[in-house]
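Trainee: Here's my sequence, what's the structure:
(chains A, B, C, D and E)
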Amino acid sequence: MCGRFANHVQDMGRWGDILGDWPDEVAVSYNIAPGADIAAFTKEGGAPMRWGLVPAWSKTASTRYATFNARSESLIGKPAFRGAWNDGQRCLIPLQGYYEWQTLNGGKQPYYLFVASGEPLVCAGLWDQWGSGPEQFQSCTMIIRAASPAIAFIHPRMPLFVPLFNAREWLEGKPDSCAELLGPDVTPANELELGYYPVSQQVNNPRNEGAGLCAPLLAR
DNA sequence: CCAGACGTTGTT
DNA sequence: GTCTGG
DNA sequence: CCAGACGTTGTT
DNA sequence: GTCTGG
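Mentor: Prediction:
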């Protein structure tokens, strides 16, 4: 799964041409938790969205159940995600790296996962709109899948990453396009060799936004 | 039919 | 234990 | 995801 | 809004 990620991306490299401009409203952070406003990119371009999809039909502006991730295997049948899926409300969420907690006897050890190339990882997502007038906002979810074997020892789930060549189709295609990305097979997007290392428990507190959390990465 | 949930993990 | 807030 | 709260009245 | 459970 992905319940925390690091560093809104400033330099998107080749992804800049695909996704468009970074939305000014979204700040950089090394410790982004559900509920935050993150940069999501639709076919219209970049927009700030709350992380945690609030369905358009929701009576309140927040859900009491977890919608910051959507399982690729089952999202099509879920009331919370089905509307977004059927309406082609797809987005892409770039990130510099993400955190995963390894469950151990007697505790949890957080890891940071990333790609050494320095280009962003780009996760497939869905978005929805809630409310009207000044109350209105957009929100999104990150699609997750089974972890690739190399990192499964940390956690059995991982974000569904989209390769550059599938990006426009993901954003613009009909609901049944790119369906293979949701399947159980390992796709090119998930063959990416992720680097990883254990990090300090300081990352557990979502209020810690210090760049020191990513020091080993920045030192490369 | 209506009422109530609508989600993910991990643990039992 | 479970919910809300970040 | 984890951390932190978890309640009410009445007074400032 | 739409699905599941009763």
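
Trainee: which helix of chain A spans the most residues?
Mentor: Identified as the longest helix of chain A according to DSSP state H is helix A:79-86.

Trainee: What helices and strands are in contact with the following helix or strand past it?
Mentor: Using DSSP states H and E, the helix or strand that follows helix A:79-86 in sequence is strand A:90-95. Secondary-structure packing of strand A:90-95 (3 or more Cβ pairs under 8 Å, 6 or more residues apart in numbering; DSSP states H and E): helix A:15-19, strand A:37-42, strand A:121-130, strand A:137-146, helix A:167-172. (C-beta placed from N, C-alpha, C; glycine too.)

Trainee: host element of A:Trp101?
Mentor: With the criterion set as DSSP H and E, the secondary-structure element containing A:Trp101 is strand A:97-104.

Trainee: mean confidence for that strand?
Mentor: Per-residue pLDDT over strand A:97-104 has a mean of 95.

Trainee: Please spell out which residues along the helix or strand following that strand are buried.
Mentor: Remark: after strand A:97-104, the chain's next helix or strand is strand A:107-114, criterion DSSP H and E. Of the residues in strand A:107-114, those with enough neighbours to count as buried (16 or more other Cβ atoms under 10 Å) are A:Pro110, A:Tyr111, A:Tyr112, A:Leu113, A:Phe114.

Trainee: Can you tell me which of these is nearest DNA strand C?
Mentor: Comparing the buried residues of strand A:107-114 against DNA strand C with Cβ to the nearest atom of the strand places A:Pro110 closest, at 12.2 Å.

Trainee: Show me the subset of the buried residues of strand A:107-114 that also lies near DNA strand D.
Mentor: With respect to DNA strand D, and counting by Cβ under 7 Å from any atom of the strand, the subset of the buried residues of strand A:107-114 in contact is A:Pro110.

Trainee: now the buried residues of strand A:107-114 as a markdown table including pLDDT?
Mentor: Putting those into a markdown table (pLDDT from 0 to 100) gives the following:
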| residue | pLDDT |
| --- | --- |
| A:Pro110 | 94 |
| A:Tyr111 | 94 |
| A:Tyr112 | 93 |
| A:Leu113 | 94 |
| A:Phe114 | 92 |
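
Trainee: got a list of what A:Ala6 touches?
Mentor: Counting by Cβ atoms under 8 Å, 6 or more residues apart in numbering, A:Ala6 makes contact with A:29-32, A:95-99, A:112, A:114, A:213-214.
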